[in-house]
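Trainee: here is a sequence with its predicted model. Questions after.
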Amino acid sequence: MGLVCDCRATAAITDGTITITLPGPIPLPVTVTYSIDASICPDCTPGGSFFNANFSASALGFDIAASFESTSVGLPVCENGVLTVEVEGTLTVNGDTSEVTATVTLNGTEDEVCIDLPDDVNLPIDIPCLAADVEVFSCEA
């Protein structure tokens, strides 16, 4: 029968924006555009799970482009409309790639996606939780 997930979830947004403030002597607001496409445990089994995200921003004449594409998605932990899962994938920032494992939270109650990267991943900006269309469903019969 194989592995069965406790819940399944999807998240999607193609034109999200958020304004963050870069720290410094003069705080600088920066608008980040993003897209997210995720499906975790479709059909309540881990096969076919994916998480992909893209980000872009401009600050002080510098363009920042980042993407994360999953290569492996673990079994989720599910509680009260929130799915949390470890996702391995390729992080690309302005053309430089690295393999990372991120903790991804899909919150169906708040309609948001949180991406927690390891401390050794140094992004030029911190990404807060992001608004998205999130649906989390129980797999219990």
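Mentor: Noted; the coordinates are in hand. Model, not experiment: these values are computed from the prediction. Residues are numbered from 1 along each chain as shown.
Trainee: what residue is smack in the middle of this structure?
Mentor: With distances taken as Cα atoms, centre = their mean, the chain has residue 115 as the residue nearest its mean C-alpha position (4.4 Å).
Trainee: what's it in contact with, if anything?
Mentor: Contacts here follow Cβ atoms under 8 Å, 6 or more residues apart in numbering; on that basis residue 115 touches 53, 68, 102, 103, 104, 127, 130. C-betas here are computed from N, CA, C, even on glycine.
Trainee: could I have the buried ones of those as PyMOL selection syntax?
Mentor: Filtering the contacts of residue 115 down to the buried ones (16 or more other Cβ atoms under 10 Å) takes a single PyMOL command:
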select buried, resi 53+68+102+104+127+130
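Trainee: would you mind giving the secondary structure of the residue nearest to the centre of the chain?
Mentor: strand (DSSP: H, G, I helix; E, B strand; the rest coil).
Trainee: state which strand of the chain is the longest.
Mentor: Counting residues, the longest strand found in the chain (DSSP state E) is strand 7-22.
Trainee: with that, I have no additional questions.
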